[in-house]
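Undergrad: this one's sequence-less:
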């Protein structure tokens with residue numbers, strides 16, 4: 001790729017504090033654009049808005065999903081904004097190219113009884129590390145944290161006897177998240193076992209890696225748990241519960257948001273709790289699908305007996 005592409009990625013990581021996951025996605029997006037420019041013998045600095053539209057159309061013809069195309073387009077816009085700041089071009093040809101319309105789709109979420117059942121399941125399942133896993137599930141559901149935010153929590157981030165914490169969100173933005181009583185108790189129970197694990201590991205000779213004492217969530221070897229580790233843990237439990245297939249860490253975040261919205265919470269409060277930069281991102285949770293509405297109806301109406 002062109003040097004300016006690499007410089008933009010470095011700028012996005014170092015100055016704008018984009019996550020590693022976002023940087024990797026942008027790298028792939030820029031390669032698509034760079035390869036397209038090369039295939040069409042076009043100069044980066046002389047691309048027109050019409051040519052950007054042709055690039056978008058080409059991605060559609062290659063069966064890229066609208067969400068993927070829109071992310072790529074957003075990346076290209078950012079690239080040209082950066083190039084303008086550096087005096088490398090005179091216009092941003094992607095600025096006026098509109099995003100593709102995406103179908104409204106409510107993200108996967110759990111009803112409160114389903115979420116509570118899953119948070120309690122580690123004790124029954126008898127696999128992995130019950131106290132830690134229950135604390136992870138309860139924390140995800142109680143705080144609405146992203147997996148990366150939960151993974152990044154340090155012991156010192158916990159405040160008020162585990163009743164709240166400070167997390168680093170996207171773009172290194174800090175916000176407060178809160179632990180309901182059930183989650184606070186789960187975290188406190190885990191902290192007791194965590195301390196016992198650390199004490200045990202320190203007594204062992206020949207440890208290959210030092211214990212990550214500052215990280216809140218640890219693996220069984222004393223290292224900091226990764227986001228991939230959190231996904232693996234969830235997958236291990238969902239394998240034992242057929243009704244919870246395709247459950248991801250983000251489903252707990254969706255469940256958190258849906259719970260507040262359906263109970264009448266102010267959407268701007270929910271936006272703040274989730275750490276969304278744009279209100280439009282939060283508004284997706286106001287669009288409940290038919291199954292959700294039907295279940296609420298069946299549970300709420302005394303004479304509701306719909307035929308299956």
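TA: Ah, there it is. Small disclaimer: the values here were computed from a predicted structure and weren't measured.
Undergrad: how close does residue 76 get to residue 35?
TA: Taking Cβ to Cβ, to the nearest Å as the measure, residue 76 falls 13 Å from residue 35. C-betas here are computed from N, CA, C, even on glycine.
Undergrad: more neighbours, those two?
TA: More neighbours surround residue 76 than the other of residue 76 and residue 35, with 24 against 11 (other Cβ atoms under 10 Å).
Undergrad: elements contacting the strand or helix carrying the more buried one?
TA: Here residue 76 sits within helix 66-85, counting by DSSP states H and E. In terms of contacts (3 or more Cβ pairs under 8 Å, 6 or more residues apart in numbering; DSSP states H and E), helix 66-85 is packed against helix 3-14, helix 20-39, helix 49-61.
Undergrad: so can I have JSON lines of those helices showing mean pLDDT and distance to residue 161?
TA: Shown next, in JSON lines, are these (pLDDT from 0 to 100; distance: least, Cβ to Cβ, whole Å):
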{"stretch": "helix 3-14", "mean pLDDT": "89", "distance to residue 161": "36"}
{"stretch": "helix 20-39", "mean pLDDT": "90", "distance to residue 161": "33"}
{"stretch": "helix 49-61", "mean pLDDT": "92", "distance to residue 161": "51"}
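Undergrad: want to try TSV for those helices, with distance to residue 125 as columns?
TA: Shown next, in TSV, are the helices and strands packed on helix 66-85 (distance: least, Cβ to Cβ, whole Å):
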stretch	distance to residue 125
helix 3-14	39
helix 20-39	29
helix 49-61	43
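Undergrad: show me where this structure has its strands.
TA: Per DSSP state E, the chain carries strands over the ranges 158-159, 164-168, 174-178.
Undergrad: need the residue closest to the centroid of this protein.
TA: residue 146 (4.3 Å; Cα atoms, centre = their mean).
Undergrad: mind pulling up the pLDDT for that one?
TA: Note for residue 146: predicted pLDDT of 89.
Undergrad: skipping adjacent residues, who's closest to it in space?
TA: Spatial nearest neighbour of residue 146, excluding adjacent residues (Cβ to Cβ, 6 or more residues apart in numbering): residue 253 at 6.3 Å.
Undergrad: ok, now residue 171?
TA: Residue nearest to residue 171 in three dimensions, not counting chain neighbours: residue 17, with 5.3 Å by Cβ to Cβ, 6+ apart.
Undergrad: and the one you found, how many residues sit next to it?
TA: Neighbour count of residue 17, defined by other Cβ under 10 Å: 13.
Undergrad: now do it against residue 124, distance only.
TA: Distance of residue 17 to residue 124, computed by Cβ to Cβ: 40 Å.
Undergrad: and residue 26, by the same measure?
TA: 42 Å.
Undergrad: between those two, which is the more surrounded one?
TA: Taking other Cβ under 10 Å, residue 26 and residue 124 do not tie; residue 26 has more neighbours (23 against 11).
Undergrad: if anything else comes up later, I'll come back, but that's it for now.
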